[in-house]
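1. this one's sequence-less:
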């Protein structure tokens, strides 16, 4: 089926929903469980009817996506998308800020999955919800929205903090799995412009970030909204009421296969109407805010999404070219062809250098991506070590923060970001616009490759170094500071004349940020440097080595 026919099929399903949608019979309980009483098709038609008022706008966006996807250097197929080349600014940037902020910050409990888990009887959020707010038929997720006022949100202060932290790009979540749009959407009633804050959060932040000279991106996690509230269908709750289907979505049963989150084995009901709506909303985001980065969460790898993803990628890449820039798409796992965008590893790193530039996204919080009370935060030592290791292996770090529901950023987060910025202001030449060396580094501390392993890395030692390069300059970054107040020697074995640096002649060795002259020598075993007792070190230090 051609792209145009598939678009039309999705549109047809949406429009016919006005006739075919099942309505709640008069006199029945609209909050009663629907898990076993309505078919997936009936449920989906209820959702389609709830958003049918936006059919005309949606169809216009789908036609625009179809047109632009075939008007430019790319076409909506993986063979074409494999020709994608990442922009140099992104490869040079190294460090970005991710922001999870939405209605889910209001309960400030469990995690940003509170909206889902408050309807899951076995989850901690369910018990928290009953204790604080009562049963889900009396107080549903929708009832948090009026409490999400963002009255202290200051986008200029946020952007200034990110600049001070040394970040080069910012990626807020425009819509999380909860279905509440933090932007001015013409396809939904449930937006931050129409409810809650009553302002275009994404638009205001985009202006402030760009005013600071930073690159602006967006993240959409809407794909997962298809199933996110399915627990509400098993109990008496507002999720069952067709009146709220435009917020809660179809809430189809999440049917994971035996291999857990392996999406190729996911059997969840996903209608063509849903993927058409997903494409329209993603198109709207790009046209309104012109993001330089679009970040996908993992569920776009679900088989029913793949053809729509090719359409969006081709549309976005061509749209960016037409507007004078090169777009970046971040994706996880196997949700896209690995050559068609930038691979992202959630809460993880790689064990070695990857030739194609990649990214880690992780949270400053150990427990959540959104704000929660009594959170546990990563400190600057851990995060800077992570950044350095990632950069030495040809990657970027996208570090997430979770602001409070009033729009303030917790003081502990601010302090950590500022500490990182202080280190980067002195030592950033070893990070920004660098490339990996022959090997990423040396030392006893090893990183376990892949997602969800960042907490498995043990503390670094004074024998651990990471390497980067820029032109004829090598940087050896000591991952742990030597003891204070004593002269310390550092030996970098890889830079020995009989080791990986064989054939290289060094003309000078400097300690970045210090005017002290260093004593050093290169022999077959390594580069041996005497660090002066007067030198200061916090978190890590950088040796700058000039190569003849």
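-> Cool, the structure landed. Owing to the predicted nature of the structure, the values given are computational and were not obtained by experimental measurement.
2. Touching, residue 269 and residue 40? I think so.
-> Yes - shown here, residue 269 and residue 40 form a contact pair, counting by C-beta atoms under 8 Å, at 4.0 Å. Quick note: C-beta positions are derived from backbone N, CA and C, even for glycine.
3. Have a look at those two and say which one is more surrounded.
-> residue 269 (18 against 15; other C-beta atoms under 10 Å).
4. And the stretch of helix or strand residue 115 belongs to, what does it pack against?
-> Assigned by DSSP states H and E, residue 115 belongs to helix 114-117. Where contact means 3 or more C-beta pairs under 8 Å, 6 or more residues apart in numbering; DSSP states H and E, helix 114-117 is packed against helix 124-132.
5. Check the offset of the helix it packs on from the chain's centre.
-> 28 Å (C-alpha atoms, centre = their mean, to the nearest Å).
6. Stretch 113-124 now?
-> For stretch 113-124, the distance to the chain centre is 22 Å (C-alpha atoms, centre = their mean).
7. What of stretch 383-402?
-> Distance, centroid of stretch 383-402 to centroid of chain: 13 Å (C-alpha atoms, centre = their mean).
8. End to end on that stretch, go ahead and measure it.
-> Using C-alpha to C-alpha, to the nearest Å, the end-to-end distance of stretch 383-402 comes to 16 Å.
9. So that it lines up with my notes, have the first residue be 205 from now on.
-> Shifting the count to begin at 205 puts that one at stretch 587-606.
10. Sort out which residues of it are buried, please.
-> 587-606 (16 or more other C-beta atoms under 10 Å).
11. Now intersect the residues you listed with the helices, please.
-> 587-596 (DSSP state H).
12. closest to residue 555 among these?
-> residue 593 (10.0 Å; C-beta to C-beta).
13. What part of the chain, helix or strand, is modelled with the least confidence?
-> helix 207-224 (a mean of 44; mean pLDDT, DSSP states H and E).
14. Mind listing residues that contact the helix holding residue 319?
-> If you take C-beta atoms under 8 Å, 6 or more residues apart in numbering as the criterion, helix 318-321 is touched by 307-308, 311, 314-315, 327-330, 332-333, 345, 381-382, 432-433, 435, 574.
15. ranges for the strands of the stretch 605-752 of the chain?
-> For the stretch 605-752 of the chain, the strands defined by DSSP state E, counting those that start in this stretch occupy 639-646, 669-674, 677-682, 692-696, 710-715, 723-727, 730-735, 745-751.
16. ok, the first one: who's next to it in the sheet?
-> The strands beside strand 639-646 in its sheet (DSSP bridges) come out as strand 669-674 (antiparallel).
17. quick one, what contacts residue 606?
-> 303-305, 309, 316, 567, 569, 572-576, 579.
18. quick revisit: so can I have CSV of the strands of the stretch 605-752 of the chain showing mean neighbour count, distance to residue 428 and mean pLDDT?
-> What follows is the strands of the stretch 605-752 of the chain, written out as CSV (neighbours: other C-beta atoms under 10 Å; distance: least, C-beta to C-beta, whole Å; pLDDT from 0 to 100):
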stretch, mean neighbour count, distance to residue 428, mean pLDDT
strand 639-646, 18, 34, 98
strand 669-674, 23, 35, 98
strand 677-682, 24, 37, 98
strand 692-696, 19, 45, 92
strand 710-715, 17, 48, 97
strand 723-727, 15, 53, 96
strand 730-735, 20, 49, 96
strand 745-751, 21, 41, 98
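19. want to throw these into JSON lines with distance to residue 445?
-> Shown next, in JSON lines, are these (distance: least, C-beta to C-beta, whole Å):
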{"stretch": "strand 639-646", "distance to residue 445": "54"}
{"stretch": "strand 669-674", "distance to residue 445": "55"}
{"stretch": "strand 677-682", "distance to residue 445": "56"}
{"stretch": "strand 692-696", "distance to residue 445": "65"}
{"stretch": "strand 710-715", "distance to residue 445": "65"}
{"stretch": "strand 723-727", "distance to residue 445": "73"}
{"stretch": "strand 730-735", "distance to residue 445": "67"}
{"stretch": "strand 745-751", "distance to residue 445": "59"}
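20. need the next SSE after the least confident helix or strand of the chain, C-terminal direction.
-> With DSSP H and E, the next secondary element past helix 207-224 is helix 244-254.
21. Tell me the spacing between residue 651 and residue 588.
-> Distance of residue 651 to residue 588, computed by C-beta to C-beta, to the nearest Å: 15 Å.
22. shaky segments in this structure?
-> Along the chain, the model assigns pLDDT under 70 to residues 205-231, 463-465, 689-691.
23. residue boundaries of the helices in it?
-> Using DSSP H, helices in the chain cover 207-224, 244-254, 259-273, 282-285, 292-297, 318-321, 328-336, 359-368, 405-415, 449-452, 476-493, 510-526, 584-596, 615-631.
24. Single out the most deeply packed of the ones you listed.
-> Neighbour counts (mean count of other C-beta atoms under 10 Å) averaged over each of the helices of the chain peak at helix 318-321, with a mean of 26.
25. list the residues that contact both of residue 473 and residue 244?
-> Common neighbours of residue 473 and residue 244 (C-beta under 8 Å, 6+ apart) are 454, 456-457.
26. returning to what we had before: would JSON lines of the helices of the chain with distance to residue 665 be doable?
-> Compiled in JSON lines, the helices of the chain are given as follows (distance: least, C-beta to C-beta, whole Å):
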{"stretch": "helix 207-224", "distance to residue 665": "55"}
{"stretch": "helix 244-254", "distance to residue 665": "55"}
{"stretch": "helix 259-273", "distance to residue 665": "51"}
{"stretch": "helix 282-285", "distance to residue 665": "43"}
{"stretch": "helix 292-297", "distance to residue 665": "29"}
{"stretch": "helix 318-321", "distance to residue 665": "39"}
{"stretch": "helix 328-336", "distance to residue 665": "37"}
{"stretch": "helix 359-368", "distance to residue 665": "30"}
{"stretch": "helix 405-415", "distance to residue 665": "38"}
{"stretch": "helix 449-452", "distance to residue 665": "51"}
{"stretch": "helix 476-493", "distance to residue 665": "45"}
{"stretch": "helix 510-526", "distance to residue 665": "43"}
{"stretch": "helix 584-596", "distance to residue 665": "11"}
{"stretch": "helix 615-631", "distance to residue 665": "19"}
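27. Quick one: closest of those helices to residue 662.
-> Short answer: helix 584-596, nearest of these by C-beta to C-beta, at 10.6 Å.
28. That closest one - contacts with which helices or strands?
-> Checking 3+ C-beta pairs under 8 Å, 6+ apart, helix 584-596 ends up next to strand 562-567, strand 599-605, helix 615-631, strand 639-646, strand 669-674.
29. Residue 706 is nearest to which of those?
-> strand 639-646 (10.3 Å).
30. Name the residues that touch the closest one?
-> 556-557, 593, 596-598, 667-674, 678, 681, 696-698, 704.
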